[in-house]
Every structure is written in structure tokens, then in C-alpha cells.
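J.: Dropping the sequence and predicted coords here.
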Amino acid sequence: MAFHKEVVETIYKTVVICDKCGKEKVLNIGEQLSWEGHMNGALHRDYTFMEKGNGFETLCPDCQKEDVE
Ligand SMILES: [Zn+2]
């Protein structure tokens, strides 16, 4: 009897990172998320996207509060 084993499953861990304080929040572990999945996942965890320069800045809930004050 001959056996051969290998790992064939790839699991993706997607984390959103606040551009201001660097706080990370896990969005998903498992399938690779679509771009829409990234956006919706971040928004669902109260992260937000602010226009900045030529792109967007990702802000966690705490940094959003700081911006208001
Ligand atoms: Zn932050």
C-alpha cells in the first residue's frame, strides 16, 4: 500500500487595517473575499472609507470619533 498526503486546502484570512492607528479586525477566515466582500465586511464592522488624496483612507470606529471632535 502506498500513500501520499498533501495539503490542498488554502484558507484566507482577511483583515481590515485602520490607516490611522493600525488597528486590525478580522473580516473573514476561509474563502478569499471579493472586492465587494472586503468593502461590505469592513463597513459591517463599523470601519469607514474616507477620501484622501488620490485614494481612500480606512478608519476604524475609534478614529472616526476622533475626527469628529
Ligand atoms: Zn484607528
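T.: Thanks, I have it.
J.: ok now do the residue lying closest to Leu59 once chain neighbours are set aside, which residues does it touch?
T.: Leaving aside its sequence neighbours, Leu59 sits nearest to Thr48 (C-beta to C-beta, 6 or more residues apart in numbering; 5.3 Å). In short, each C-beta sits where N, CA and C put it, glycine included. Neighbouring residues of Thr48 by C-beta atoms under 8 Å, 6 or more residues apart in numbering: 42, 58-59, 64.
J.: Greatest separation within those residues: which pair is it?
T.: Maximum pairwise distance in the contacts of Thr48, criterion C-beta to C-beta, is 12.2 Å, between Ala42 and Gln64.
J.: Compare these two (neighbour count), which wins?
T.: With neighbours defined as other C-beta atoms under 10 Å, Ala42 and Gln64 compare such that Ala42 has more, 22 against 15.
J.: Helix, strand, or coil at Met50?
T.: For Met50, the assignment made with DSSP: H, G, I helix; E, B strand; the rest coil gives strand.
J.: does it really touch Phe56, like I thought?
T.: Yes: with contact taken as C-beta atoms under 8 Å, Met50 and Phe56 are classed as touching, separated by 6.6 Å.
J.: now for the longest helix along the chain, which elements pack on it?
T.: Counting residues, the longest helix in the chain under DSSP state H turns out to be helix 35-44. The contact analysis (3 or more C-beta pairs under 8 Å, 6 or more residues apart in numbering; DSSP states H and E) places helix 35-44 against strand 12-17, strand 24-30, strand 48-52.
J.: how about the ones you listed in CSV, adding mean pLDDT and distance to Glu6?
T.: Listed next are those as CSV, based on pLDDT from 0 to 100; distance: least, C-beta to C-beta, whole Å:
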stretch, mean pLDDT, distance to Glu6
strand 12-17, 96, 19
strand 24-30, 96, 20
strand 48-52, 91, 40
